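J.: predicted model follows, preceded by the sequence.
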Amino acid sequence: MMRRLILLRRLGRDQRANVIIEFALAGPFFLLLVMGLFDYSWQMYANQVLQGAVANAARDSTLEINAGNQVAIDNNVKQQVQNVFKDAALTFERKAYESFDQIGDPEVAVPNETGYCFDDLNNNGTLDDDVGSDGNGSAEDVVLYTVKMKFDRILPVWHMLGQPKETTLTATSVLRNQPYGANTSTSKNICVTT
């Protein structure tokens, strides 16, 4: 009995086991921090790859020689991104505007005694929240080129922090097409009765 008490006192004064206990308490937090930093850095790298590919494609798409070949430009972006992120899914959108100040503006309805009238700036026959028309536009049009990239995160840190496994990054570029032809504005004034 006395031997056990001596052994327990000696064990209580021994400091060698403290390191194991401290690591058991601090280790998971440190590991989570390191994995979180790596995951964030990987997403930053993905964003840079996507932004670089979109910037190159946007410059190419404004040239007259590429005006009718936007699918090839999108495929080039896809190839550049998927060289690094093999399973990334990309979606492409182009909106054309007559000037830079129209980006994101809605078509404005003006009420009258029978309903409302509006200038159909994107020539689709409906009142829209965005005056941009789909596609690359024509000469001297301003083009908003947007690419969205969805990919799975590589570390399980997303699960530990309650985030989704899939993340989406968006890259956007705004450029003006070259004056390769006459700019033709085809907006119409449409009146709707209610």
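T.: Good, I have the coordinates.

J.: just the helices in the protein please.
T.: Applying DSSP state H to the chain gives helices spanning 2-13, 18-61, 70-82, 157-160.

J.: mean pLDDT lowest for which of those?
T.: Least confidently modelled of those is helix 2-13, at a mean of 72 by mean pLDDT.

J.: tell me how far Leu169 lies from Tyr97.
T.: Distance from Leu169 to Tyr97, counting by CB to CB, to the nearest Å: 24 Å. Heads up, the C-betas are built off the backbone N, CA and C, glycines and all.

J.: Ala57 now?
T.: 18 Å.

J.: Leu121 now?
T.: In terms of CB to CB, Leu121 sits 8 Å off from Tyr97.

J.: what is in contact with the two at once?
T.: Common neighbours of Leu121 and Tyr97, counting by CB atoms under 8 Å, 6 or more residues apart in numbering, are Val131, Ser133.

J.: who's in contact with the residue positioned nearest the centre of the chain?
T.: Geometric centre of the chain, nearest residue: Thr170, 1.2 Å, by CA atoms, centre = their mean. Thr170 sits next to Thr146, Val147, Lys148, Met149 when contact means CB under 8 Å, 6+ apart.

J.: and what of Ala57?
T.: Contacts for Ala57 (CB under 8 Å, 6+ apart) come out as Ile73, Asp74, Asn76, Val77, Tyr145, Val147, Ser173.

J.: the fifth one bridge partners, please.
T.: Going back to what we said before, that points to Tyr145. In this entry, Tyr145 is beta-bridged to Arg94, Ser173, by DSSP bridges.

J.: thought it was touching Arg94?
T.: Yes - counting by CB atoms under 8 Å, Arg94 is a contact partner of Tyr145 at 5.5 Å.

J.: which residues does stretch 83-94 contact?
T.: Identification of contacts with stretch 83-94 by CB under 8 Å, 6+ apart yields 45-46, 49, 61, 70, 74, 77-78, 81-82, 134-137, 143-152.
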